[in-house]
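# my questions are about this predicted structure, shown below with the sequence.
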Amino acid sequence: MENSIKSTYRTIYSIIFCFNSLFSDSLQKGADKDFRQGLKNQGIDFIGSISYHFDANLAGGIKTGVVNQGLIDLGLLFHSEKILKYPGGELFVNFEAHEGKNPSTELTGDLLIFDGMTAPNFVQLSEYWYKQKINKFSFKFGRINCSYDIGFTENARLLINNAYEADRTIKGYPTYPAPVPGIIFRYDWTENFNTKLGFFNGREGINSLVELYPFGLWSNFFQDLLIMAEIEGHFDNRQGRIAAGITHNRTLNVVRDVFEERIGYSGYLIGEYNFYEKYCCFLQGGIGNPRTVLFPYYLGAGVQINQLLPVDLTNILVLGGTSGFFTPKLPVIFGITGAEISLEATYYLEYLDFVIQPDFQYIIRPGGGPYPNAFVFVLNLGINL
């Protein structure tokens, strides 16, 4: 499996470079010399990146050491208005390939997952969906990553700990590495207020760190139905944002053959505010079923400072803290109490299409306390294609 994934990486690299060379030669003969702009003129957006993560545990945890991870992410977004001459339609197709070990299980033992790239090794058609907008109403149908539609926090996107993207109280939340089959309905009542309702397969995202379905798990959709409902409002000239949601997952959660119970309800609240477009802050909170969710209570907060240094280079400092509070009610982990906490500082720099992002985290009580507090370093290196 590992050799096949490495072979796939090499093949994709070759295709990308050949693709760019081929089109750059042909586009030089025409009016448009930019491959990406040439596609855009035809109604197609090309989205792509290659990322590498150097994960190091410097102290505490299971053991000190280093693991590496890599991710290739390629997507095409087709716009119906330019291609088929009718407005409001979008078709998205996304391919992803990941290789690397899980640094949480290898090095630290933390359960919030300190590196959000973590996933089983895979090569898959990750997302494929169609979206249609009709006046104030829109819907999206297919295999969907919800972290851009519902339950997301804009000002937390650069933080690397996975908890900021996937609220641990929402078991089965559809996001990387397992976008799931579903449909999202949205209605914009005003420019600053909307409601969203999503229906998804609630099982696929639960075991996404150990098992993936290359085209999505479409079977037993209604038996394992995950429902997400959210209201979202903006205020103060869209400098502020508040989102509140409730979810219900019908999937049976089996806990080491001890018992099984439907995951049930959870709720969340997200608040964000931007000061002078430079200082951006956020607050996250969630509550879930303590009988079926490892972290039934969650809290996260942070601040983002744009253009920390006044140079002609995109540079962003983000400071955050996230905490998952363990349930005392699951028989298999009876006796584990308190919280796992991660304090994070990350600095994002982007020049042209190149990204470098050093990240430090101090993890308190990883795994609920069986391991010493861990101090980790993540180096994100990337290129936007």
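Nice, thanks for sending it over. Residues are numbered from 1 along each chain as shown.

# pretty sure residue 53 contacts residue 115?
Yes: under the criterion of CB atoms under 8 Å, residue 53 makes contact with residue 115 at 6.0 Å. All C-beta spots, glycine's among them, are computed from the backbone N, C-alpha and C.

# and for those two, which residues touch both?
69, 378 (CB atoms under 8 Å, 6 or more residues apart in numbering).

# now residue 118: how far from residue 260?
Distance of residue 118 to residue 260, given as CB to CB, to the nearest Å: 27 Å.

# so which of these two has more stuff around it?
Comparing residue 118 with residue 260 by other CB atoms under 10 Å, the one with more neighbours is residue 118, at 24 against 11.

# secondary structure element for that one?
According to DSSP states H and E, residue 118 maps onto no helix or strand at all.

# next one: it relative to residue 112, how far apart?
Relative to residue 112, residue 118 is positioned 11 Å away (CB to CB).

# got any residues that touch both of those two?
Taking CB under 8 Å, 6+ apart as the criterion, residue 118 and residue 112 both touch residue 162.

# just the strands in the stretch 51-200 of the chain please.
For the stretch 51-200 of the chain, the strands defined by DSSP state E, counting those that start in this stretch occupy 65-79, 89-100, 122-134, 137-144, 180-190, 193-201.

# so residue 253 touches residue 263, yeah?
Yes: contact criterion CB under 8 Å: residue 253 and residue 263 qualify, at 5.1 Å.

# please enumerate the shared neighbours of those two.
Listed contacts common to residue 253 and residue 263 are 171, 292; contacts here mean CB under 8 Å, 6+ apart.

# what is the neighbour count of residue 219?
For residue 219, the neighbour count with other CB under 10 Å is 11.

# report pLDDT for it.
For residue 219, the pLDDT comes out at 86.

# ok, it - contacts?
No contacts exist for residue 219 under CB under 8 Å, 6+ apart.

# go on, residue 119?
98, 176, 177, 208, 209, 212.

# how close does the first one sit to residue 212?
By that I understand residue 98. On the measure of CB to CB, residue 98 and residue 212 end up 9 Å apart.

# next, show the common contact partners of the two.
Residues touching both residue 98 and residue 212 by CB under 8 Å, 6+ apart: 119, 120, 122, 177.

# most neighbours among these, which one?
residue 119 (22 neighbours).

# show me where the stretch 201-350 of the chain dips below the pLDDT cut-off.
254-259, 330-335 (pLDDT under 70).

# just say helix, strand or coil for residue 39.
Put simply, residue 39 is helix when judged by DSSP: H, G, I helix; E, B strand; the rest coil.

# isn't it up against residue 45?
Yes: look at residue 39 against residue 45 with CB under 8 Å: they come within range, at 7.0 Å.

# who's more crowded, these two?
Between residue 39 and residue 45, counted using other CB under 10 Å, the more crowded position is residue 39 (17 against 14).

# and the gap between the more buried one and residue 78?
From residue 39 to residue 78 the distance is 10 Å (CB to CB).

# and what of residue 245?
The gap separating residue 245 from residue 78 is 29 Å, by CB to CB.

# what are the bridge partners for residue 141, then?
In this entry, residue 141 is beta-bridged to residue 130, residue 183, by DSSP bridges.

# so it touches residue 92, yeah?
No: counting by CB under 8 Å, residue 141 sits too far from residue 92 to count as a contact (11.2 Å).
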